[in-house]
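Asker: For reference, the sequence and a predicted model appear below.
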Protein chains: 4
Amino acid sequence: MPAQERTGVWLVGARGSVATTATVGLLALRARVAGPTGCVTELPAFAGVPLPTWDDLVLGGHDIVHTGLEKRAEQLVDAGVFGHAVLTAVRSGLSAVDTEIRDGYHPAAHSGAQADAAARLSADIRAFAERHDLARVVVLNVSSTEAPCPLLPEHENLALLERAMADPARSVLPPSSLSAYAALRAGCPYVEFTPSAGITLPALRQLAEREGLPYAGCDGKTGETLLRTVLAPMFTARALKVRSWSGTNLLGGGDGETLADPVTAGSKLDSKARGLAALLGGQVTAPLHIDNVPDLGETKTAWDNVSFEGFLGARMSLQFTWTGYDSALAAPLILDLARLVTAAHAAGQRGALTELGFFFKDPLGSDEHRFAEQTRRLLDWAATL
Amino acid sequence: MPAQERTGVWLVGARGSVATTATVGLLALRARVAGPTGCVTELPAFAGVPLPTWDDLVLGGHDIVHTGLEKRAEQLVDAGVFGHAVLTAVRSGLSAVDTEIRDGYHPAAHSGAQADAAARLSADIRAFAERHDLARVVVLNVSSTEAPCPLLPEHENLALLERAMADPARSVLPPSSLSAYAALRAGCPYVEFTPSAGITLPALRQLAEREGLPYAGCDGKTGETLLRTVLAPMFTARALKVRSWSGTNLLGGGDGETLADPVTAGSKLDSKARGLAALLGGQVTAPLHIDNVPDLGETKTAWDNVSFEGFLGARMSLQFTWTGYDSALAAPLILDLARLVTAAHAAGQRGALTELGFFFKDPLGSDEHRFAEQTRRLLDWAATL
Amino acid sequence: MPAQERTGVWLVGARGSVATTATVGLLALRARVAGPTGCVTELPAFAGVPLPTWDDLVLGGHDIVHTGLEKRAEQLVDAGVFGHAVLTAVRSGLSAVDTEIRDGYHPAAHSGAQADAAARLSADIRAFAERHDLARVVVLNVSSTEAPCPLLPEHENLALLERAMADPARSVLPPSSLSAYAALRAGCPYVEFTPSAGITLPALRQLAEREGLPYAGCDGKTGETLLRTVLAPMFTARALKVRSWSGTNLLGGGDGETLADPVTAGSKLDSKARGLAALLGGQVTAPLHIDNVPDLGETKTAWDNVSFEGFLGARMSLQFTWTGYDSALAAPLILDLARLVTAAHAAGQRGALTELGFFFKDPLGSDEHRFAEQTRRLLDWAATL
Amino acid sequence: MPAQERTGVWLVGARGSVATTATVGLLALRARVAGPTGCVTELPAFAGVPLPTWDDLVLGGHDIVHTGLEKRAEQLVDAGVFGHAVLTAVRSGLSAVDTEIRDGYHPAAHSGAQADAAARLSADIRAFAERHDLARVVVLNVSSTEAPCPLLPEHENLALLERAMADPARSVLPPSSLSAYAALRAGCPYVEFTPSAGITLPALRQLAEREGLPYAGCDGKTGETLLRTVLAPMFTARALKVRSWSGTNLLGGGDGETLADPVTAGSKLDSKARGLAALLGGQVTAPLHIDNVPDLGETKTAWDNVSFEGFLGARMSLQFTWTGYDSALAAPLILDLARLVTAAHAAGQRGALTELGFFFKDPLGSDEHRFAEQTRRLLDWAATL
């Protein structure tokens, strides 16, 4: 990547908890009021990789919410995600970023063909790139999880899809996929950080290939699933037989509310179950719940109970409890992904960046879920950039 | 390894819980009344490795206790380690193995020079090998943990050591090291499965090198440390900063009693702390306790509380509780080690088998503690045998 | 209660896990191969209460299952509920009890009017009483939990109910309530140990009052709810504000299977939620799950996460994990209830025995859920018998 | 208690975390920027008890530390104990209280006889009472835990004690007991909120009796022990046999540091063990640890593992994890105790206030540890005031 090039980081859901924390964090890193804890790309192993510096990144995005970033950041301070001193240090920077946020797409607020909406979104991104003289813009979806979307014939064929998008009477794409389409049409790499459909539709993946753009996803791995992908290989390596793996997730905040809807939760639960079966080499009894517990605020608590069998049928168990701030776990990964996808794009990579499975619950283009192996692949790949 | 060769497995502490469970297990595997759950060497990855079959292994050992294997096995049934049906199926086999157990060395019961004691132990092993026409005998120490032993000048020089051993007035070697010496003198590979000194004394390692014998150790990794070596690399890979890692271990059974002695426990605690510091790249606050809780019987429960810091200083935590049968976790690893060390010896390997770090809390000759990496090294190495 | 009187204990679901464990336990207590751990009525506080002795109790019951008690007891030994030695000591007693078990009522297996079915059940109980010259018979329902049953007009009026029961085309009562009806008609006190409708229907409570019979229920309190009724009063007494109380129950065995049906689970979940709201003086966010995890066998594990607020808004938490054998927790309470209801009946008490709320999740005739207060009431009441 | 009377609340350790939180809290309650969550005396049950209002209380105290209350309060905000808004609302009030804090007694800083030191402390309290025209002053010790103090003959006889105190060469009283002596000499009721010796020495209790002063203690019950006194009676009431009760306490902050000293910890551990044995009616295996884990800051985490036996020997377990802010748990109890002891003093009560056992790990003058029973006694007693 040529030195001095500047990269745009366009966040879909730019005023959500994750995006706000990522924005505050980037500004705090630049202001040197915070260290890079949680930023994988700051580890010594990435020292030689041609990544953009924190100063090279320019933030913007779409959102359907109008609460300003400062206000959102204040709420996150109250919730304990970061301290007051950090906010004070970045307050002016936040209001500058806020001016780079444009209205997102919401089906209820939009009239006309989806093609028009997509064109408008693309134009927003292109204008952003020109305004800041950016070498490239990476688009990342960090908006709320959508309900699962049934696969239509149009989702599998780009020509059919674009025909349907031109029809004002149809809403063929869910918002996340419309954002992905708009990003690709604007010539931007795309990262799906939620379990929403986003770029996973075959027609969009074809478009990315055709445009020579890299993409990655989906569903950031920050809690229970991270631990599962760390722990499950231990049972396998030691020939211990997992008999059941039960989990409960307690979430407050917006995510809890969104996922309280059983239909939406289905999307997340499916992605989790696929991973566990892949890791353990077959189905196990694995009841899993996501509960909305508003009083938990920005924290989430996961409890897992693993019942396993050892030598001569001995029955044993492992339980874990993970308590963390969802946004604090996710935000640095957003910055990492922006940097890594930037480098991949600069290096001419295209299609699914399978080596980024390290970051995701449901890695696109890969069935490798074991975290240690994902770590190794990420490092090996980064060394080639 | 030539087909049909038979291998002796000589257990020091042959009537302890681990040895008894391993013995019951081997007999049960042969009788096909139990499957190989917990046996790493039965995983598909080892399919092509020239390991002895279960039928190729012949058991014997030393112990200072005279309670027969059947009686011990009944106690383990009562404690829930394995079922009554398994015991019934292997009862006659147990009494056959019992006839292959000789009196172990105990300083209080021995008069005369340690050299004589060692010679007697060696002779026991050699006679066992001849009696059963064994191609080799692997000696594994699964006796109770000893108190830490101060390093003497004699421990660093084989000539000095042997001179001291010839002196009836001295007890220069702890029992575990005397067993290791006897094993090497009998031409046997040696595995230290406890945190005792065993073969770790430099003079004994010199002896092993000189005799061209492989060895491995020490301190089988079956619970809290196993999880730590699985989980710590996750924090490192994700650039999360562990601030403290507190642990409590509740043990019943003989092991709990032995480790209730703070001096003895020191040996185990030291080995655990070394690993954690190595994994996290530096010291963390890590209070650790081992409590003797007799009513827990053969089970052990470990509770760990990990307090860590994420992006922008967010404070988060992970807790886990591991409850298992110590013997059921350790026993299959004994069989695995016997097989793997047999293959290594047959392949002419000598010195510390660092690729067996997978099995140990304090891997001899290696500072690699990350479990996933140890798994990879083990598999790579096995493929070369 | 006159000395030497013998009391029948008639168990509905006499071959289930709870009943089998209670039966094995009573026989073991008589044979003095087990102590009375878990039997509340053996505490010193009950020393002067005129309770039947273990020898005074005679067991019988209904069940729709034909697997004999010995076979069931063997399964419970395999599952670890009690030891092989206990079974051996009571085996002959078990087969004697088995001969006192009659076919229970199952809607699918029955043709004709429910009145006829009830008459047949009553006759079974009366014949049992005569055969053994019993002063009284206490009927306890320990059969599987039924799906919640909608309240019909007939359930509120005895005359209407009996008219409907006479109609072969109708199945107006769920099986548990049919058993309760039959018990009352046979002149027997009745205990509802499950969350099923049983005696809770107003028409049946009228019948009990009219017949001068005592009854108690419902839903034995043996795990998560027991702890909740112990812990919630602490928060109240200390003026701490519980913000959410989340729970997950993992059950194996028959109970897990039955409760896997969301409709059936509803019955149990409703009863749990009522208690929590009563204890905390209002609604709290309280997501609750019951999962069927067959590999857990006879054990159940409950995990609760309590998020609470203290002084100046400080956010704190309590988590607990309870792991136990459901049958071992419930069975001694069955024996306690049989004894206490016997004494109440002998003392001429009638209607809901509200002082037995100590034993139940959803105490009939009482809204006192605080365990310590229930304990005090039980002891005060017992002293009056 | 006559209306409009003002009561002094004199805190020994007035600049510690607990005292600072209590001070901030009282000011916040008065300013109505916080509600009384955690204040027991604000529960409806205390509505008719003649307690001083929040406005009636005047704060002062001793401390050997000179960091001002504002600075300490800022540290507590950073540690998450309370919010920035609360601090802002009470800042001026804090600096006013700070002017009422006098130098405490520290053996190393004092020369001369302890009698002189005590006279100085008493004079500070008397001057405070006069300055503010207070009807009475309640003295509460919330300073750091002291190392256990051996009982001397002088501690059992007031005359002997005062003779020794007059000797400049001797330091016969630990600081907490010197404070208690000074309080009593100033005519003040005294509350020992720490496990230090304080007023527990027989000579001081004689003095309190002679002066007609009430006192209470010792060692505020806010975490693990609170739960133990809630849970243990459940096992007893259900005739379940606790086999072992193991505990680990992780503490940050000043308390963690103080208790890291095994000798000091001994004081706390002894008090905890006494309670558990009393609750369970005999000794159980109960290993207990207090670890200093500085990164936990003001939070403390306790983990307990209870192994118990049920019917027919079934082995079961309960585990709990309690995570809270020590100061937020203790501070409201300080205000409650100040109010209740005020009312007791006004009502002419003298000697040990055994009905306040509700608040303490080691209730003076009572061996009732069961929390529910303590709650009942407190309410009954309060109703008589």
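Answerer: The structure has been received and is ready for your questions. Fair warning: this is a prediction, and the values are worked out from it, not measured in the lab.
Asker: Name the residues of the longest helix along chain A that are buried.
Answerer: In chain A, ranked by residue count with DSSP state H as the criterion, the top helix is helix A:326-346. By neighbour count on 16 or more other CB atoms under 10 Å in any protein chain shown, the buried set for helix A:326-346 is A:326-346. C-betas here are computed from N, CA, C, even on glycine.
Asker: Also near chain B: which of those, exactly?
Answerer: If you filter those for contact with chain B, counting by CB under 8 Å from any CB of the partner chain, you are left with A:328-329, A:331-332.
Asker: Go over the secondary structure and confirm A:Asp295 is in a helix.
Answerer: Yes - when DSSP: H, G, I helix; E, B strand; the rest coil is applied, A:Asp295 is found to be in a helix.
Asker: ok so, going back, show me which of the ones next to chain B among the buried residues of helix A:326-346 is closest to B:Thr21.
Answerer: Of all those, the one sitting nearest B:Thr21 is A:Leu329; the distance, using CB to CB, is 40.8 Å.
Asker: Can you report how many residues lie near the residue lying closest to that closest one once chain neighbours are set aside?
Answerer: The shortest distance from A:Leu329 to any non-neighbouring residue, by CB to CB, 6 or more residues apart in numbering or on different chains, is to A:Thr222 (3.9 Å). A total of 25 residues lie near A:Thr222 under the criterion other CB atoms under 10 Å in any protein chain shown.
Asker: quick one: low-confidence ranges for chain A?
Answerer: Scanning chain A for pLDDT under 70 picks out the ranges A:1-4, A:254-268, A:271.
Asker: Spell out, range by range, the strands that occur in it.
Answerer: Secondary structure of chain A (DSSP state E): strands at A:7-12, A:57-63, A:101-103, A:136-141, A:190-192, A:214-217, A:241-251, A:288-292, A:299-309, A:315-325, A:351-352.
Asker: want to try TSV for the ones you listed, with mean neighbour count and distance to A:Leu69 as columns?
Answerer: Below are the strands of chain A laid out as TSV (neighbours: other CB atoms under 10 Å in any protein chain shown; distance: least, CB to CB, whole Å):
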stretch	mean neighbour count	distance to A:Leu69
strand A:7-12	29	11
strand A:57-63	24	10
strand A:101-103	19	8
strand A:136-141	27	16
strand A:190-192	30	20
strand A:214-217	29	25
strand A:241-251	23	23
strand A:288-292	22	25
strand A:299-309	23	21
strand A:315-325	22	18
strand A:351-352	18	31
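Asker: Any chance of the ones you listed in a markdown table with distance to B:Gly313 as columns?
Answerer: Below are those laid out as a markdown table (distance: least, CB to CB, whole Å):
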| stretch | distance to B:Gly313 |
| --- | --- |
| strand A:7-12 | 22 |
| strand A:57-63 | 21 |
| strand A:101-103 | 26 |
| strand A:136-141 | 23 |
| strand A:190-192 | 25 |
| strand A:214-217 | 28 |
| strand A:241-251 | 22 |
| strand A:288-292 | 27 |
| strand A:299-309 | 15 |
| strand A:315-325 | 10 |
| strand A:351-352 | 34 |
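Asker: Could I get these in JSON lines, plus columns for distance to chain B?
Answerer: Compiled in JSON lines, these are given as follows (distance: least, CB to the nearest CB, whole Å):
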{"stretch": "strand A:7-12", "distance to chain B": "16"}
{"stretch": "strand A:57-63", "distance to chain B": "15"}
{"stretch": "strand A:101-103", "distance to chain B": "21"}
{"stretch": "strand A:136-141", "distance to chain B": "16"}
{"stretch": "strand A:190-192", "distance to chain B": "17"}
{"stretch": "strand A:214-217", "distance to chain B": "17"}
{"stretch": "strand A:241-251", "distance to chain B": "5"}
{"stretch": "strand A:288-292", "distance to chain B": "18"}
{"stretch": "strand A:299-309", "distance to chain B": "6"}
{"stretch": "strand A:315-325", "distance to chain B": "4"}
{"stretch": "strand A:351-352", "distance to chain B": "21"}
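Asker: Indicate which one of the ones you listed is closest to chain D.
Answerer: Proximity to chain D, assessed across the strands of chain A by CB to the nearest CB, is greatest for strand A:315-325 (7.3 Å).
Asker: contacting residues for the residue of chain A most remote from its centre?
Answerer: Distance from the centre of chain A peaks at A:Leu312, with 42.9 Å (CA atoms, centre = their mean). Taking CB atoms under 8 Å, 6 or more residues apart in numbering or on different chains, we find A:Leu312 in contact with B:21, B:24-25, B:28, B:34, B:37, B:81-83, B:86, B:328, B:331.
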